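Enquirer: Provided below for reference: sequence and predicted model.
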Amino acid sequence: MVDFKDFPLRGEGPVYVRIVRYIRAGVAAGTIRDGEEMPSRRVLSALLGVNPNTVQKAYRMLEEEGLMVSRSGAKSCARATPELVEQAKKALQAQEVAGAVAALFRGGMGKDEALELISRMWDELSESEGGEEA
């Protein structure tokens with residue numbers, strides 16, 4: 001069963017969004033496997049101390065995204081096909097980049113200056129990791 005012991009009880013954004021992000025991150029990292037059982041809506045709402053409707057909203061979003069399958073009268077299960085894992089990774093990367101871009105923008109950095117900074121940091125990381133430029 002998908003374990004929520006590391007779920008951030010306090011964090012940025014609504015709880016239902018954090019639940020979706022938590023599952024997406026687990027799928028991307030491989031810690032949540034295809035077919036793994038999800039906690040029931042009631043169990044998860046009690047565990048997190050939130051309204052069951054909050055969990056229902058998160059589960060509906062996960063179903064729409066394809067990261068969860070629910071059948072009436074049956075247990076809900078995570079979905080982590082290779083395609084969904086790749087989609088989850090890209091969604092998380094886009095989220096991280098959006099946060100970094102927003103921080104640079106709000107900090108008053110211009111686009112050209114930000115691109116130069118990113119390029120320089122990319123090169124430094126590439127050198128320190130011993131890899132080739134991607």
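Expert: Perfect, I can see it now. Numbers count the residues shown, from 1 in each chain.

Enquirer: any idea which helix or strand carries the most centrally placed residue in the chain?
Expert: Computing the C-alpha centroid of the chain and ranking residues by C-alpha atoms, centre = their mean puts Arg21 first, at 3.3 Å. Using DSSP states H and E, Arg21 falls within helix 15-29.

Enquirer: list the buried ones in that helix?
Expert: Neighbour counts over helix 15-29 (16 or more other C-beta atoms under 10 Å) mark 15-16, 18-28 as buried. C-beta coordinates here come from the backbone N, C-alpha and C atoms, glycine included.

Enquirer: From the residues you listed, pick the one nearest Asp3.
Expert: Distance to Asp3, by C-beta to C-beta, is smallest for Gly26 among these, at 9.0 Å.

Enquirer: Next up, the contacts around the closest one.
Expert: Contacts for Gly26 (C-beta atoms under 8 Å, 6 or more residues apart in numbering) come out as 2, 32, 78.

Enquirer: So for it, what pLDDT did the model give?
Expert: Here the pLDDT value assigned to Gly26 is 97.

Enquirer: From Glu63, how far off is it?
Expert: From Gly26 over to Glu63 the distance is 16 Å, taken as C-beta to C-beta, to the nearest Å.

Enquirer: Could you do Gln56 as well?
Expert: Taking C-beta to C-beta as the measure, Gln56 and Glu63 are separated by 10 Å.

Enquirer: what do you get for Leu92?
Expert: Distance, Leu92 to Glu63, by C-beta to C-beta: 19 Å.

Enquirer: likewise Arg24?
Expert: Going from Arg24 to Glu63 by C-beta to C-beta gives 13 Å.

Enquirer: One more: Arg41?
Expert: Distance from Arg41 to Glu63, counting by C-beta to C-beta: 12 Å.

Enquirer: Ok, Ala103 next?
Expert: Distance from Ala103 to Glu63, by C-beta to C-beta: 32 Å.

Enquirer: who has more neighbours, these two?
Expert: Neighbour totals were compared for Ala103 and Glu63, and Glu63 leads with 14 against 11 (other C-beta atoms under 10 Å).
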